[in-house]
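Participant: Dropping the sequence and predicted coords here.
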Amino acid sequence: MPRFCNVEITNMSESINHNGRIEKIEGNAVFVRIIQQSACSGCHAQSMCSASEKKEKIIEVNDNNPGRYRVNEEVMVCGQSSLGLQAVLLAFVIPIILVVAAIVAGTYLRWDETASGLTGLLLLVPYYCILYFLREKLKRKFIFTLKKLN
């Protein structure tokens with residue numbers, strides 16, 4: 001079983017690093033399996049707590065020289081912490097603002113609570129569709145790099 005570590009923040013403004021193992025290499029794309037752990041995963045009581053969780057994720061990293069890596073090699077996936085904040089903004093903050101704005105607008109227009117709430121939730125459908133259609137542009141913006149581990 002590979003050894004995975006928690007997120008390592010080297011400098012608050014620089015990067016977030018995850019250790020992982022290369023799953024496959026296709027062209028310039030290197031697919032790395034990481035284990036995303038909750039912040040409390042290092043707690044001594046994690047086995048008795050339902051809040052601690054681990055999720056496996058496959059990260060696609062475009063590399064100009066993928067030949068220097070091999071399948072099952074342990075590597076470090078690095079990403080800028082500022083991009084993580086932008087991802088949280090796109091995935092969580094803006095949708096919450098949309099839902100709350102729809103509920104407030106519905107209340108102002110004297111709609112019943114059900115209509116306001118459903119309108120807020122239905123606004124999320126086009127929002128996430130827009131994100132889906134912009135995924136290639138977002139993929140170019142959210143860039144990860146690889147570092148070999150010794």
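Facilitator: Great, that's in hand. Numbering: from 1, shown residues only.

Participant: Counting by contacts, list what the lengthiest strand in the chain packs against.
Facilitator: Longest strand in the chain, counting residues (DSSP state E): strand 15-26. For strand 15-26, the elements it packs on are strand 8-9, strand 29-37, strand 54-62, strand 74-80, helix 81-88, judged by 3 or more Cβ pairs under 8 Å, 6 or more residues apart in numbering; DSSP states H and E. Just so you know, the C-beta spots here come from the backbone N, C-alpha and C atoms, and that holds for glycine as well.

Participant: how about TSV for those, with mean neighbour count and mean pLDDT added?
Facilitator: Compiled in TSV, the helices and strands packed on strand 15-26 are given as follows (neighbours: other Cβ atoms under 10 Å; pLDDT from 0 to 100):
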stretch	mean neighbour count	mean pLDDT
strand 8-9	12	46
strand 29-37	18	85
strand 54-62	13	84
strand 74-80	18	89
helix 81-88	13	84
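
Participant: Remind me what the longest helix seen in the chain packs against, helices and strands.
Facilitator: Longest helix in the chain by number of residues, with DSSP state H as the criterion: helix 113-133. Contact analysis of helix 113-133 by 3+ Cβ pairs under 8 Å, 6+ apart lists helix 94-108 as its packing neighbours.

Participant: Which residue comes closest to N64 once chain neighbours are left out?
Facilitator: The spatially closest residue to N64, leaving aside those adjacent along the chain, is N28, at 6.6 Å (Cβ to Cβ, 6 or more residues apart in numbering).

Participant: got the angle for the longest helix of the chain vs helix 94-108?
Facilitator: Between the axes of helix 113-133 and helix 94-108, defined by axes from the mean of the first three to the mean of the last three Cα atoms, to 10 degrees, the angle is 150 degrees.

Participant: Distance check, the residue nearest to A115 when sequence neighbours are not counted against P126.
Facilitator: Of all residues beyond its chain neighbours, the one nearest A115 is G106 (6.0 Å), with distances taken as Cβ to Cβ, 6+ apart. In this structure, G106 and P126 are 17 Å apart, going by Cβ to Cβ, to the nearest Å.

Participant: quick revisit: export the helices and strands packed on strand 15-26 as TSV, with columns for distance to I97.
Facilitator: Formatted as TSV, the entries for the helices and strands packed on strand 15-26 read as follows, by distance: least, Cβ to Cβ, whole Å:
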stretch	distance to I97
strand 8-9	27
strand 29-37	25
strand 54-62	26
strand 74-80	24
helix 81-88	13
